[in-house]
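A.B. asks: need a 3D model of the following:
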Amino acid sequence: MEPADLTHHDCVALIGDRARHVTAAISVDGGAPVPLAAYACPGGDLLVPTGTDPTLSRAAVSRPVSVEFTGPGGDDADELGGLWTISGTGLARRITHRDRPADEHPHAMLYAFDNGIRVLMARLSGYRLPTAAIPVQRTTTPATVSTNGSTTAATGDDWPTVLVGTRANGDGEHEKSRAGRE
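C.D. replies: Numbers count the residues shown, from 1 in each chain. From the prediction side, this is the model:
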C-alpha cells in the first residue's frame with residue numbers, strides 16, 4: 001500500500017472538514033516550528049489567532065510562513081480521512097476585523113482574533129497513508145498471548161491459565177504460578 005498524494009483541493013477539504021479548527025506546526029521565515037491553533041478558511045488560507053499577544057504579528061507580517069498539519073490516525077482513521085500530513089507555504093499578513101470567522105461557534109477566548117496572522121497560502125500539498133486492515137482471526141480457539149515471556153492459553157474447562165512466571169518456594173526450587181489459581 002503506497003501513500004496517496006493529495007492535491008491542493010484535497011488538502012483544503014481535509015483541513016476544512018475538522019470544524020475548520022486545526023493545530024499546525026508554524027515556522028516563520030525558516031525559524032523553529034511552533035505548534036499553534038489555526039482556523040482554516042474556505043479558500044485554503046489560515047487564520048492564526050494569538051489573542052491579546054501581538055508577538056506573532058510583529059514577527060511574521062510580510063514574511064514567508066511554512067505550515068504543517070498531521071491528521072488523526074488510530075481507531076477513527078477511516079472515518080476521519082486516515083493518517084495524513086499536509087504542508088504548505090504562504091505569506092503572512094496581520095489579521096483584520098474582516099478576517100474574523102463569522103460562525104456560530106463560540107471562541108475559547110473573548111479576544112481570540114484581536115491579534116494574529118492570516119497566512120495567504122500559495123499552495124498546499126500532502127500525502128495520505130492508507131489504513132491497514134486487521135485480518136480476521138483464522139481459528140475458533142483463543143489466541144496465544146505473551147505476557148512477560150510466558151503464554152496465555154485456554155484449558156479444557158475454559159478457564160484461562162496465565163503462566164506469569166516462576167517463583168522460588170521455600171526449598172529453593174522454582175514453581176510456576178498461575179493467575180487466578182494458586
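
A.B. asks: for the rest of this, base every contact and every neighbour count on C-alpha atoms.
C.D. replies: OK.

A.B. asks: which neighbouring elements make contact with the longest helix seen in the chain?
C.D. replies: Secondary structure of the chain per DSSP state H: the longest helix is helix 8-16. If you count contacts as 3 or more Cα pairs under 8 Å, 6 or more residues apart in numbering; DSSP states H and E, helix 8-16 packs onto strand 115-129.

A.B. asks: give the pairing partners of the strand it packs on; include direction for each.
C.D. replies: In the sheet, strand 115-129 lines up against strand 4-6 (antiparallel), strand 46-51 (antiparallel), strand 83-94 (antiparallel) (DSSP bridges).

A.B. asks: now do the buried residues in it.
C.D. replies: In terms of neighbour count (16 or more other Cα atoms under 10 Å), strand 115-129 has its buried residues at 115-121, 123-129.

A.B. asks: before we move on, what about stretch 37-54?
C.D. replies: For stretch 37-54, by 16+ other Cα under 10 Å, it's 37-41, 44-50.

A.B. asks: so for it, mean pLDDT?
C.D. replies: The average pLDDT within stretch 37-54 is 86.

A.B. asks: coming back round to it: which of the buried residues of strand 115-129 scores worst on pLDDT?
C.D. replies: residue 129 (81).

A.B. asks: how close does it sit to residue 86?
C.D. replies: 12 Å (Cα to Cα, to the nearest Å).

A.B. asks: what's in contact with stretch 36-44?
C.D. replies: 12, 15-16, 20-26, 46-49, 121, 124 (Cα atoms under 8 Å, 6 or more residues apart in numbering).

A.B. asks: quick one: which two of the residues you listed are the most distant?
C.D. replies: The most widely separated members of those are 49 and 124, with 20.1 Å between them, by Cα to Cα.

A.B. asks: domains for this structure, by residue range?
C.D. replies: Domain ranges of the chain: 4-129, 145-175, per automatic domain parsing.

A.B. asks: weakest of those by average pLDDT?
C.D. replies: When I compare the domains of the chain, domain 145-175 is least confident, with a mean of 52.

A.B. asks: the strands paired with strand 115-129: which one's closest to residue 111?
C.D. replies: strand 46-51 (5.3 Å).

A.B. asks: send the alpha carbons of that closest one over as CSV?
C.D. replies: This file holds the C-alpha atoms of strand 46-51, laid out as CSV (Å, rounded to 0.1, in the frame of the first residue of the first chain):
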residue,chain,number,x,y,z
LEU,A,46,-5.2,30.1,7.6
LEU,A,47,-6.0,32.4,10.4
VAL,A,48,-3.7,32.0,13.4
PRO,A,49,-5.2,33.9,16.3
THR,A,50,-3.0,34.9,19.2
GLY,A,51,-5.5,36.7,21.4
